[in-house]
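In: with the input below, show me the fold.
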Amino acid sequence: MGPNTANLQSPFTTETRYLVRQLSPSSTLDEDAVSNAAPGCPDSTTTNSACRRRRAPTSFLPQSTHLLLAGISARWLRLFELRTPTPTTTNIATKVHGIVTSPINPHRIACCGYGIVTVWDARRLPHPLLTFTEKDAAADGARTRSGSGGGGGGGAGGANSNAVGFVDHIEFSSSRRSVLVTHEKDTSCVRFWDLQQVQRSEDFVDGERFGFGFGQSLQLRGATSRGSCAPWTAAESGMKPNGIESQETMALVLSDTRKTKNFHKPLTSFALVPSKLFSHIESHGGQQRWKP
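Out: Prediction:
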């Protein structure tokens, strides 16, 4: 080592070291990570694709340094409270291969899995605000795979994981409120979903599913038939309204969906440029820009 090596600072920040120390006393996350490994994986250097795909997605809640979300075994969404010596946890059964938080709404969370996207409010995690699948994208010409389940229900269940596409990337827009963007593995387009809070009507009943029906446009015109929207109330969770109108009279629905053009090759990933003009798409052949 050189003479100045001792003066070099650790690449880990104080916050990172604090997180490591807080999680170390509890083996909950470690045990789940081990059990999450694919059978037959000899070690971390294996090139087996099944082993490399197995990972626990994590994300801190916006504006928080002590609330950590983690997807465990692709079946549990777990919220860790890191302010205690042994982190307390909240567990929710759901399909979770990816986690994303909204840069605009500090309480909005979304998870993705086999054909399913679930939207949550961090203040009432046991009860999802909205669940939808590719079936709910019929308005933009999406072809539903054989055997895919219905979407839009206020729950974690849904599609047949053996028959639907794998949603491998989701992201909230940082410039357009309540816009969620998704990509399914081995597909050549990216899909935009508009989430909207609307005035509850008498047709909205807790525990039931309402929407616009499969094959109909998702342009918002009032929920009168069953299908794609999940009602929810703030009264059950004790939330206080942030605006003038009480959230007790509001519901979260899918108001519209659209997609990019179909590129010649499947996309590997995408990233939203922090601008209202462009979304950045990456394909096997290079990088392209798409204007929504």
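
In: would you confirm that residue 121 contacts residue 106?
Out: No. Here residue 121 does not reach residue 106: they are 10.3 Å apart, not a contact under C-beta atoms under 8 Å. To be clear about C-beta, it is placed using only N, CA and C from the backbone, and glycine gets the same treatment.

In: more crowded one of these two?
Out: residue 121 (19 against 13; other C-beta atoms under 10 Å).

In: who's the more buried one bridged to?
Out: residue 108 (DSSP bridges).

In: where does the stretch 101-250 of the chain dip in pLDDT?
Out: 139, 141-164, 200-250 (pLDDT under 70).

In: swap in 90 and give it another go.
Out: 103-107, 112-116, 120-169, 173-178, 183-190, 196-250 (pLDDT under 90).

In: relative to residue 274, how far out is residue 111?
Out: 23 Å (C-beta to C-beta, to the nearest Å).

In: which one's more surrounded, these two?
Out: Counted by other C-beta under 10 Å, residue 111 and residue 274 do not tie: residue 111 has more neighbours, with 27 against 10.

In: tell me the contacts of the closest residue to that one other than its chain neighbours?
Out: Nearest residue to residue 111, sequence neighbours excluded (C-beta to C-beta, 6 or more residues apart in numbering): residue 96, at 4.3 Å. Residues near residue 96 by C-beta atoms under 8 Å, 6 or more residues apart in numbering: 57, 71, 72, 74, 75, 76, 77, 111, 112, 113.

In: neighbours around the fifth one, how many?
Out: When neighbours are defined as other C-beta under 10 Å, residue 75 has 15 of them.

In: same question for the second one.
Out: Here the number of neighbours of residue 71 (other C-beta under 10 Å) works out to 25.

In: sec struct for it, please.
Out: At residue 71 the chain is in strand, as set by DSSP: H, G, I helix; E, B strand; the rest coil.

In: for it, give the beta-bridge partners.
Out: Bridge pairing for residue 71 - DSSP bridges - gives residue 77.

In: what pLDDT does residue 292 get?
Out: If you check residue 292, the pLDDT there is 47.

In: list the contacts of residue 104.
Out: 172, 173, 174, 177, 178.

In: if anything else comes up later, I'll come back, but that's it for now.
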